[in-house]
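Engineer: got a sequence here, can you build the structure:
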Amino acid sequence: MSLVIAKDLSKTYVSGGVEVKALKGLNFEIEPASFISFVGPSGSGKTTLLNLIGCLDKPTRGQLVVAGRQVNDLSRKEAAAFRGQALGFIFQAFNLFPVLTAFENIEYPLVMIKSENKSNRKERVLKALEAVGMLEQKDKYPDHLSGGQKQRVAVARALVIQPKLVLADEPTANLDQKTALNVIRLMRDMRDEFGTTFIFSTHDPRVMDEAEVTHTLVDGMLISSETASAGGGANG
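Structural biologist: Down below sits the predicted model:
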């Protein structure tokens with residue numbers, strides 16, 4: 001079964017008494033263990049779409065199924081619980097807590113969902129640190145980490161709850177060329193090892209080159225979907 005199913009997915013905002021149609025009737029499916037990018041100019045609807053898939057906002061019209069759950073009508077409490085169980089997030093600004101160590105930043109989602117005792121939390125955090133090559137930096141604070149190291153911690157934090165899906169909003173925007181490629185390949189390795197699906201919102205051609213499917217959004221509409229292995233596009 002597809003991990004994400006969108007049918008006639010639409011989102012309209014009202015700003016200053018004017019309707020703004022951020023997404024207009026999107027239809028697509030995303031399979032488990034995929035590496036997918038959504039691309040398009042600023043204002044095309046990429047971040048809005050990630051917010052809907054991540055249960056941070058609700059669609060105005062249409063259906064959205066994520067990890068087998070119809071998410072349109074989840075209450076705020078239900079949406080928060082679902083995010084804690086099934087979804088991981090990676091951001092361009094890293095969003096690490098400056099007063100927490102790398103270990104504590106990664107542990108934080110497990111503390112919030114209260115599903116593991118302290119011993120199990122420690123084991124899972126150490127495994128996540130080892131997976132991203134940051135075990136030796138576990139006691140360092142974000143101010144003492146490079147940009148690439150911070151993003152590795154962010155990847156580990158997203159993966160520590162063992163989510164079915166990780167949503168990454170411009171995760172390489174603040175990284176140099178070499179570091180960005182290393183982080184992208186790290187996420188590919190994590191996908192291959194854990195079967196986690198990664199969905200990116202990006203302008204970065206380096207991410208697009210690694211994606212298996214690239215969906216292009218323009219003015220809130222899905223205008224094309226290109227599969228890398230096929231080397232061609234299919235209208236979505």
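Engineer: what packs against the biggest helix by length in the chain?
Structural biologist: When the chain is parsed with DSSP state H, its longest helix is helix 177-194. Counting contacts by 3 or more Cβ pairs under 8 Å, 6 or more residues apart in numbering; DSSP states H and E, helix 177-194 is packed against strand 35-39, helix 147-159, strand 197-202, helix 205-210. Every residue, glycine included, has its C-beta placed from N, CA and C.
Engineer: including mean pLDDT, mean neighbour count and distance to N51, could these go into a markdown table?
Structural biologist: Putting the helices and strands packed on helix 177-194 into a markdown table (pLDDT from 0 to 100; neighbours: other Cβ atoms under 10 Å; distance: least, Cβ to Cβ, whole Å) gives the following:
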| stretch | mean pLDDT | mean neighbour count | distance to N51 |
| --- | --- | --- | --- |
| strand 35-39 | 94 | 22 | 12 |
| helix 147-159 | 90 | 24 | 16 |
| strand 197-202 | 93 | 24 | 10 |
| helix 205-210 | 87 | 16 | 19 |
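Engineer: let's have those in a markdown table, adding distance to E226.
Structural biologist: Compiled in a markdown table, the helices and strands packed on helix 177-194 are given as follows (distance: least, Cβ to Cβ, whole Å):
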| stretch | distance to E226 |
| --- | --- |
| strand 35-39 | 10 |
| helix 147-159 | 25 |
| strand 197-202 | 14 |
| helix 205-210 | 9 |
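Engineer: ends of stretch 11-21, what's the gap?
Structural biologist: Using Cα to Cα, to the nearest Å, the end-to-end distance of stretch 11-21 comes to 6 Å.
Engineer: show me where the chain dips below the pLDDT cut-off.
Structural biologist: Scanning the chain for pLDDT under 70 picks out the ranges 114-115, 229-236.
Engineer: just give me the neighbour total for H144.
Structural biologist: 11 (other Cβ atoms under 10 Å).
Engineer: A154 contacts Q92, doesn't it?
Structural biologist: No. At 9.7 Å, A154 and Q92 do not qualify as touching, with contact defined as Cβ atoms under 8 Å.
Engineer: where do the contact lists of the two overlap?
Structural biologist: With contacts defined as Cβ atoms under 8 Å, 6 or more residues apart in numbering, the residues adjacent to both A154 and Q92 are P171.
Engineer: quick one: residues in contact with the longest helix of the chain.
Structural biologist: 33-35, 131-133, 146-148, 151-152, 155, 159, 162, 166, 168, 171-172, 175, 196-198, 204, 206-207, 210.
Engineer: one more: stretch 63-75?
Structural biologist: By Cβ under 8 Å, 6+ apart, the list of residues contacting stretch 63-75 reads 1-9, 52-53, 55, 58-59, 62, 79, 82, 86-87, 164-165.
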